[in-house]
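> No sequence on hand, only this structure:
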């Protein structure tokens, strides 16, 4: 049976929530180690039963995942956020598919839970059970390309691919794009993860969207080829509209608008008008 490690970065997570994440990983056939990286929680996180706990100063989820990568030694690594849970059958199916297709990484369908009833978030039907057609499809703005539930082969780890610790939003997609440039990515249609959706809250705040805008501009600069343009344009357009609603700071707004103008993409009129009215009201 193929062995794999699970890496869980955590920061100030309630003990029951972290224990549930660890328990879901331990329930998977083939799991070798569950590595929890406490990213500077205060007070320090207590180790749930059945995991290895590493502590570090607070440097963000990318650095915490990288620390887990360095400690891991199995053929595959699965990343899991501390508020999500793995589905054992789905993880097994994802690994089997990746090995059968000779992939270097894999993503899978998932359930999204807000409240009591989880909702299936499937993969595009044309990708299910196959290799991702092009690495740049990772930049397509759909949910399956998040870090939680992502499977990566030791082949990617051994050539030095790591999460960029300077990116706090979008670092998962940037990481997976670099994995895809080294080898194929498999797409499993069987759900491997249940994701706990947060209420909008801080994810729609001006501060969060400002950080997201700055990181998105960096990522777009790194993957600026014509083959990425359609996906980046879709993602940037969505972000411009969200940033206008939230009222992000001027520097972040200019970064987004400048990105669109440099690529010849029209800035949405509705977003520009909303931005103008917000500034007029605040003047």
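Perfect, I can see it now. The structure displayed is predicted, hence computed values, not measured ones. Numbers count the residues shown, from 1 in each chain.
> For residue 280, the count of nearby residues, please.
8 (other CB atoms under 10 Å). From N, CA and C alone the C-beta is placed, and that goes for glycine too.
> Kindly report the same for residue 88.
17.
> residues contacting the residue lying closest to it once chain neighbours are set aside?
Distances taken as CB to CB, 6 or more residues apart in numbering put residue 28 closest to residue 88, at 4.4 Å, once the chain neighbours are dropped. Residue 28 makes contact with 4, 6, 86, 88, 91-92, according to CB atoms under 8 Å, 6 or more residues apart in numbering.
> mind checking pLDDT for residue 28?
Per-residue pLDDT puts residue 28 at 98.
> switch to numbering from 36
Okay, residue one is now 36; in that scheme the one you just asked about reads as residue 63.
> Wait, a helix at it?
No: the assignment for residue 63, made by DSSP: H, G, I helix; E, B strand; the rest coil, is coil rather than a helix.
> So it versus residue 186, what's the distance?
11 Å (CB to CB, to the nearest Å).
> Also residue 39?
To residue 186, residue 39 is 8 Å away according to CB to CB.
> again with residue 207
In terms of CB to CB, residue 207 sits 13 Å off from residue 186.
> Chain neighbours aside, what residue packs nearest to the residue nearest to the spatial centre of the chain?
Residue closest to the average C-alpha location in the chain (CA atoms, centre = their mean): residue 181, at 2.5 Å. Excluding its sequence neighbours, the residue lying closest to residue 181 (CB to CB, 6+ apart) is residue 207, at 5.3 Å.
> and after the host helix or strand of the one you found, which helix or strand comes next?
Under the criterion of DSSP states H and E, residue 207 resides in helix 206-217. Where DSSP H and E defines the elements, the next helix or strand beyond helix 206-217 is strand 220-223.
> List the contacts of that following strand.
125, 128-129, 132-133, 136, 138-144, 158-159, 162-167, 170, 173, 179, 211, 214.
> What segments of this protein are strands?
Per DSSP state E, the chain carries strands over the ranges 39-45, 66-74, 87-91, 111-114, 120-121, 140-143, 145-148, 153-156, 165-166, 186-188, 220-223, 228-231.
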